[in-house]
Structures are given as C-alpha cells and as structure tokens.
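Visitor: here is the input, now give the coordinates:
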Amino acid sequence: MRLPGSARRPVVFTIDTGDGGQPQKRATLTLDRATAATIRWETFADNNAGRRLRSWSRFVHTGEAFGVAGQTLAGAGSLGGVVLVWTGIALALRRLWAWRRRQIYAVSGTPLSRAVAQVGSLAAAQVRIRVAHVACVAGLKRRSLHSL
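Guide: Numbers count the residues shown, from 1 in each chain. Predicted structure coming up:
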C-alpha cells in the first residue's frame, strides 16, 4: 500500500498472489481516497512490453525467476566473480613481489644463486642481499657481500 502525502491523491495497492519472483502474478489497484471507488486495476498483462521486461529483469538478475535452478546459477556466477577477484589480487601481489625482488638484487649487485651458495640458505641470502640493498641506497656503495 502506498499512501500519498496529499489528501486528494489516490491510494495505490500492489497485490501479489505469487510466492515471490513471479511478476506476472502482480496487479495494481488504485482507489479514490474519498469515495473508495476503483480508479484503475492494472494486471501484468495490461503493462506495455517495456514495463513487463523491466518487471522480469529484477527477478532474472537475482535468480528468483527460475526457482532453485536460477538461484543456483546466480550463486555460481557470484562465486565466479569472487574467484576472479581473488586470482587477480594474487597475481598482482606475485608480480609486485617478483619486481621488488628484482629491484633489490639489481641494486645490491648479487644474484640470488651466488648469495645462497655463499651463505648456505635462501633466507639468510635474502637478508644479506637486503642489507646490501640498504647499504647501497644509503650511499655506502657496498657491492660485495664479503664486506658486510
């Protein structure tokens, strides 16, 4: 029911005989506020093609139009969107880390394989290369890991 602000405007009722997701089972009743006389009765079939399409589009979009199968399809589409976002962020972070690692190794002048051979473990090599990077950035220009 929709009550207008003005006392002279009609009262509009939307009557839905379906169980949701069925716009063809909706009708609109417009009554005169003063006399309660029926001004207009509009069923789904009385609407023009554009309005019928717009009425259906909401229920098709949410998956309600085709019952459980439609909602399952809409849910699968939503899940696919989540997977696309997740993989996009994962790829962006992976590329950022690889780019950052290349920048650190380029500044320190030490390839990762040589640093691992000198220190014995990947984690220790990465720490020594980062220290060399900080030293280079600070202006100390240390290029050799032996001098650290």
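
Visitor: and A76, how close does it get to A69?
Guide: 11 Å (CB to CB, to the nearest Å). All C-beta spots, glycine's among them, are computed from the backbone N, C-alpha and C.

Visitor: nope, H61 is what I meant
Guide: Between H61 and A69 the distance is 15 Å, computed by CB to CB.

Visitor: can you check A34 too?
Guide: From A34 to A69 the distance is 48 Å (CB to CB).

Visitor: elements contacting the lengthiest helix in the chain?
Guide: Taking DSSP state H as the criterion, the chain has its longest helix at helix 67-108. Under the contact definition 3 or more CB pairs under 8 Å, 6 or more residues apart in numbering; DSSP states H and E, helix 67-108 sits against helix 49-62, helix 122-137.

Visitor: would you single out the least confident of these?
Guide: The stretch with the lowest mean pLDDT among these is helix 122-137, at a mean of 65.

Visitor: tell me the buried residues in stretch 63-80?
Guide: Taking 16 or more other CB atoms under 10 Å as the basis for neighbour counts, the residues of stretch 63-80 that come out buried are 63-65, 70, 74.
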